[in-house]
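> Give me a 3D structure for the following:
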Amino acid sequence: MFKALFTGLLNLLASVIQLICWPVNQIISNALPDLSDKILSVTNTLNSVFDSITWALGLIPPLITETLLFILTIEIAKHTIFVSTHTLIKVWNVFQKIKFW
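Predicted coordinates:
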């Protein structure tokens, strides 16, 4: 009986905490960019750039062009992840300094 009451109380407390933290979670989720959308946007932009200069790229074998495009996309993704990670660490440090509890 006590265990069920204690479990119910903890579930209620967890629900209240989730309800309180929901606006903060939404603000953080909306403030940080979606990484997959950014990578897709950069890749599409690079594809459109390479499509518009096909006369020069026609001299380069397609495998080399695709490899260079892949390498460039990976480098941009790494930089984006680096910046996002540092931003997230700064936000986390600010939250730790605020100390809600």
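> And Lys38, how far from Asp51?
Distance from Lys38 to Asp51, counting by C-beta to C-beta, to the nearest Å: 20 Å. No exception for glycine: its C-beta is placed from N, CA and C like everyone else's.
> ok, those two, which is more surrounded?
Counted by other C-beta atoms under 10 Å, Lys38 and Asp51 do not tie: Lys38 has more neighbours, with 15 against 9.
> Show me the helices in the protein, by range?
2-31, 35-52, 54-57, 62-98 (DSSP state H).
> and the ones you listed as TSV, adding mean pLDDT?
Compiled in TSV, these are given as follows (pLDDT from 0 to 100):
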stretch	mean pLDDT
helix 2-31	83
helix 35-52	81
helix 54-57	71
helix 62-98	89
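> Can you read off the pLDDT for Lys99?
pLDDT recorded at Lys99 is 69.
> same question, Met1
So, for Met1, pLDDT stands at 77.
> Neighbours of it, how many?
Neighbour tally, Met1, other C-beta under 10 Å: 5.
> what does Ile76 give?
Ile76 has 16 nearby residues by other C-beta under 10 Å.
> How about Ile64?
10.
> ditto for the one 5 residues further on
Counted with other C-beta under 10 Å, the neighbours of Leu69 add up to 16.
> Ser48 is in contact with that one, correct?
No. Contact criterion C-beta atoms under 8 Å: Leu69 and Ser48 do not qualify, at 11.6 Å.
> so how far is Ile89 from the most centrally placed residue in the chain?
Closest residue to the average C-alpha location of the chain: Leu35 at 3.7 Å, with C-alpha atoms, centre = their mean. The gap separating Leu35 from Ile89 is 15 Å, by C-beta to C-beta.
> Give me the distance between Leu59 and Thr67.
Applying C-beta to C-beta to Leu59 and Thr67 gives a distance of 16 Å.
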